[in-house]
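In: Structure for the following, please:
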Amino acid sequence: MSRVKLRDIADYTGTAISTVSAALNGTGRVSPDKAKQIREAAEKLGFKPNLAAQLLKNHEVDIFGLIISDRLTRLTGHGVYSELQEKFLNECRAGKIRTQFELDRTGGVPATFSDGIAKGVIHAGVISEPLRGWLERNPAYPFVSFEEPWKYCVRTDFETGVRKAVQYLAATGHRRIGLFCGPAQFDLSKQMEAGFREGCKEFGREIRPELIRRHSLAVGRDHFLECAQHVREFFSGPVKPDAIIAPGQGFCTVALYELPRLGVRVPEDVSLIGACSGWEAERVYPQLTSIERNIELLVANAMKMLRQLTRGIAPENPNQLIPADLVVRDTVVSRFQ
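Out: Just a heads-up that it's a prediction; the model follows:
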């Protein structure tokens, strides 16, 4: 027989999971009658709280959850995922906060929510429709979105970052700038394309539809094969880019491997700029000029916001945009001769 979860008690009593959690943990505002009903239902169903839940009940520790959508790694690469997890754990250790981590591969409602152990959650990446529905049914649950628009969120200003990249490329003589981005419905893709179009218009560069390409959400080997195909298609037509801006390290890594096979040199023939972490940019050759998140500030602000929400405090700035940095390395050269 499977273990009884908070969701089972919520369904049995017709209440929200957050209400069940508050009643069993002695936190939040739950009427005495409702709390009694929930406790009796829990006993009848054979609910047994685990150690983490007991710690919460006794107010010994806070537990914060970090959920990373698998789609985030597809759009931005694994470097962001690794850095985010590391900074989150460091922040929690410093604040003596226990952590619950989950990589969401299903696109449903992550188990962290149904378990009801975490007092609040930072969610990185695409918010699935099932999770959106859960959050709408549980609006008081402390939830901060990382790199995806929501009521409370912290995001990187990639629109301005890409605009700066176009400005830099224009200033170094590039005239045929290409853009490689993800599916149009995702916030990162929207920001990158908006910044690209703004930059081209402001700095006098023609926007060529054949030099804007999009990847799917393929993973693993399929993702790299798709990137390789896009690299070849960028250089198969009559108009070839002299610079390409792309999200994540994946495309740029494939490009650095595939372009020499086409007789195209980086950066002599084409410059590359990737929206990725510094850790990733420095581990390819030549080292990649990049549009970088301030991951430390993003996590610190997300944690501050989550702490406020778990204490019933409304954040002053619920929707934060953190500037991106353009870091020049070895994959861009001047086109002026």
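
In: list the helices and strands whichever helix or strand residue 290 is part of packs on?
Out: Per DSSP states H and E: residue 290 is located in strand 289-292. Strand 289-292 is packed against helix 158-171, strand 271-275, helix 278-281, strand 325-327, with contacts defined by 3 or more C-beta pairs under 8 Å, 6 or more residues apart in numbering; DSSP states H and E. C-beta coordinates here come from the backbone N, C-alpha and C atoms, glycine included.

In: so what strands line up beside the second one?
Out: Strands adjacent to strand 271-275 in the sheet, as given by DSSP bridges, are strand 243-247 (parallel), strand 289-292 (parallel).

In: Save these as a markdown table, and put in mean pLDDT and distance to residue 125 too.
Out: Formatted as a markdown table, those follow (pLDDT from 0 to 100; distance: least, C-beta to C-beta, whole Å):
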| stretch | mean pLDDT | distance to residue 125 |
| --- | --- | --- |
| strand 243-247 | 95 | 13 |
| strand 289-292 | 96 | 18 |
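
In: Format those strands as CSV; extra columns: distance to residue 305 and mean neighbour count.
Out: Converted to CSV, the strands paired with strand 271-275 look like this (distance: least, C-beta to C-beta, whole Å; neighbours: other C-beta atoms under 10 Å):
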stretch, distance to residue 305, mean neighbour count
strand 243-247, 25, 28
strand 289-292, 22, 24
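
In: so can I have CSV of these showing distance to residue 91?
Out: Shown next, in CSV, are the strands paired with strand 271-275 (distance: least, C-beta to C-beta, whole Å):
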stretch, distance to residue 91
strand 243-247, 25
strand 289-292, 19
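
In: Indicate which one of those is closest to residue 176.
Out: Comparison of the strands paired with strand 271-275 against residue 176 by C-beta to C-beta identifies strand 243-247 as nearest, at 7.4 Å.

In: quick one, the next helix or strand along the chain from that closest one and strand 243-247 angle?
Out: Counting by DSSP H and E, the next helix or strand C-terminal to strand 243-247 is helix 250-258. Angle, helix 250-258 to strand 243-247, by axes from the mean of the first three to the mean of the last three C-alpha atoms, to 10 degrees: 140 degrees.

In: show me the contacts for residue 199.
Out: 162, 163, 164, 165, 166, 167, 170, 205 (C-beta atoms under 8 Å, 6 or more residues apart in numbering).

In: Regarding the nearest residue in space to residue 131 that is not next to it in sequence, what is its secondary structure?
Out: Spatially, and ignoring its direct neighbours in sequence, residue 131 is nearest to residue 109 (5.4 Å; C-beta to C-beta, 6 or more residues apart in numbering). At residue 109 the chain is in coil, as set by DSSP: H, G, I helix; E, B strand; the rest coil.

In: Need the phi and psi values for residue 109.
Out: phi -90, psi 110 (degrees, to the nearest 10).

In: Make sure it is actually in contact with residue 135.
Out: No: contact criterion C-beta atoms under 8 Å: residue 109 and residue 135 do not qualify, at 9.3 Å.

In: domains in this structure, as residue ranges please.
Out: 1-60, 157-294 (automatic domain parsing).

In: Nearest to residue 304, out of those domains?
Out: Short answer: domain 157-294, nearest of the domains of the chain by C-beta to C-beta, at 14.4 Å.

In: related to what we said a few turns ago, burial check on the residue nearest to residue 131, number of neighbours?
Out: 18 (other C-beta atoms under 10 Å).

In: same check, this time on residue 313
Out: Counted with other C-beta under 10 Å, residue 313 comes out at 10.

In: mind checking the SS state of it?
Out: Classified using three-state DSSP, residue 313 is coil.

In: before we move on, what about residue 178?
Out: From three-state DSSP, the assignment for residue 178 is strand.

In: That one contacts residue 237, correct?
Out: No: between residue 178 and residue 237 there is no contact under C-beta under 8 Å: 10.9 Å.
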